[in-house]
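**Student:** sequence and predicted structure, then a few things I'm wondering about:
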Amino acid sequence: SRARNTSSTSLPFSTWSPRRNQSFAATQTLYAQASSGKSPMPPLVAWINYSPKSAWSAESFVVSQASYKTTMVTDVGATNLNASTALAGIAGLMVTDAVSGKPASGKTYTIPTNGTKT
């Protein structure tokens, strides 16, 4: 007789739903528990990414203070970088809404480098 493949990849889709729900519930629990251990010296978090030079933009670093990101940071007891203070005085700094036209979405700080747009 032939062996049957009983790996999880061969299970019907309907059996994945309870597993997905259990996994999501476990993630929510862990997220909630993370905020319970607030430290007297919480970590300082800055969401930074590098944007290389392209045909439509110059090379830059981008500091994101999108509301959903800053909320995650405070939910786990950490502190967000105060970008408006920390980046004040940087030549060419551009501050925009994280979602254009939606101030409640947070801010994005674009820091130009010496790279130039071609």
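**Tutor:** Now that the structure is in, tell me what you want to look at. Numbers count the residues shown, from 1 in each chain.
**Student:** alpha carbons only: can I get the helix or strand bottoming out on mean pLDDT in the chain in PDB?
**Tutor:** Least confident element among the helices and strands of the chain, by mean pLDDT, DSSP states H and E: helix 16-34 (a mean of 76). Extracted in PDB, the C-alpha atoms of helix 16-34 (Å, rounded to 0.1, in the frame of the first residue of the first chain):
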ATOM      1  CA  TRP A  16      -6.200  26.000   8.500                       C
ATOM      2  CA  SER A  17      -8.800  28.500   9.900                       C
ATOM      3  CA  PRO A  18      -8.700  27.300  13.500                       C
ATOM      4  CA  ARG A  19      -4.900  27.200  13.400                       C
ATOM      5  CA  ARG A  20      -4.700  30.700  12.000                       C
ATOM      6  CA  ASN A  21      -7.100  31.900  14.700                       C
ATOM      7  CA  GLN A  22      -5.100  30.200  17.400                       C
ATOM      8  CA  SER A  23      -1.900  31.700  16.100                       C
ATOM      9  CA  PHE A  24      -3.400  35.200  15.900                       C
ATOM     10  CA  ALA A  25      -4.800  34.900  19.500                       C
ATOM     11  CA  ALA A  26      -1.400  33.800  20.700                       C
ATOM     12  CA  THR A  27       0.300  36.800  19.000                       C
ATOM     13  CA  GLN A  28      -2.200  39.200  20.600                       C
ATOM     14  CA  THR A  29      -1.600  37.700  24.000                       C
ATOM     15  CA  LEU A  30       2.200  38.000  23.600                       C
ATOM     16  CA  TYR A  31       1.800  41.600  22.400                       C
ATOM     17  CA  ALA A  32      -0.300  42.500  25.400                       C
ATOM     18  CA  GLN A  33       2.100  40.800  27.800                       C
ATOM     19  CA  ALA A  34       5.100  42.800  26.400                       C
END
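**Student:** which SSE is immediately downstream of it?
**Tutor:** strand 44-45 (DSSP states H and E).
**Student:** given that next one, what are its sheet partners and their directions?
**Tutor:** strand 79-80 (parallel) (DSSP bridges).
**Student:** good, wrapping up.
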